[in-house]
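1. Below are the sequence and a predicted model for it; my questions follow.
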Amino acid sequence: MIMTIRGLLPAFTLAAALFAGAAQAAPAPDDAFTPQVGDNQAVAIFAGGCFWCMEEAFDPIKGVTKTISGYTGGHVADPSYDDVTAETSGHAEAVKIVYDPSQVSYDHLLQVFWHNVDPTDAGGQFCDRGDSYRSEIFAVDSAQMKAAKASKQQLENAEDAPKPIVTDIEPAVTFYPAEDYHQNYYKKNPLRYKFYRNACGRDRTLDKVWGDAARTPES
């Protein structure tokens, strides 16, 4: 099992202390994945290491109405946190973003995503190591797939962007919400969350990788 700062304590202390039958999920063809959302809403799904941190990155964006921490991209149905961090489920920690496309574009969400991850790290993100902490874009339809590939190509062509870009882009599959104690963790447990984030070196690495573009300002 890959050890992380969040995993140093027994599982039962995760939410309250310091850091808080398999079924194959086949890749969905373009436009076959239809997340359940209301009128004038759309969904984006990104994996960027710790889902607590990804919630914090997207919540302030105008037009984002909800973020949900969860698991996706693997082969185990209804996985638990322990299943995912055991690195045997194939799932990544991810965030599902519900947004109003009349207020914020998917292209803008992509920019926020890129500037909140280290896209050159193929072994995890920051202090959290293992495939479950990988960075990945899960496109819910062909338009998102096209936009995500274009944004990655743009970074690969940019002289001042980090290299090489190893973040994968795949069609979205079933997204499983994480346990309740993970949802809005950064709001419910601000001191523990800040301790974890600082100890993990996330902001220091983002500053090194992206410079002034790190943690794209809300807009």
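-> In hand now; what should we look at?

2. Flag the shaky bits of the protein, pLDDT-wise.
-> Counting by pLDDT under 70, the ranges of the chain that qualify are 1-34, 217-219.

3. where exactly do the strands run in it?
-> 42-48, 64-72, 92-99, 124-125, 128-129, 135-139, 168-171, 176-177 (DSSP state E).

4. Throw those into CSV and include distance to residue 202, thanks.
-> For glycine as for every other residue, the C-beta is placed from the backbone atoms N, C-alpha and C. Converted to CSV, those look like this (distance: least, Cβ to Cβ, whole Å):
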stretch, distance to residue 202
strand 42-48, 10
strand 64-72, 16
strand 92-99, 13
strand 124-125, 8
strand 128-129, 9
strand 135-139, 12
strand 168-171, 20
strand 176-177, 23
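
5. Need those in TSV (columns: mean neighbour count and distance to residue 54).
-> Shown next, in TSV, are the strands of the chain (neighbours: other Cβ atoms under 10 Å; distance: least, Cβ to Cβ, whole Å):
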stretch	mean neighbour count	distance to residue 54
strand 42-48	26	5
strand 64-72	21	7
strand 92-99	26	4
strand 124-125	23	10
strand 128-129	20	12
strand 135-139	24	10
strand 168-171	17	16
strand 176-177	18	14
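
6. Of the ones you listed, which is nearest residue 207?
-> The closest of the strands of the chain to residue 207 is strand 124-125. By Cβ to Cβ, the value is 14.8 Å.

7. what's next to that closest one, contact-wise?
-> Residues outside strand 124-125 that contact it (Cβ atoms under 8 Å, 6 or more residues apart in numbering): 2, 48, 49, 50, 117, 118, 130, 131, 133, 134, 135, 202.

8. can I assume the second one is in contact with residue 112?
-> What it means is residue 48. No. Assessed by Cβ atoms under 8 Å, residue 48 is found out of contact with residue 112, at 9.9 Å.
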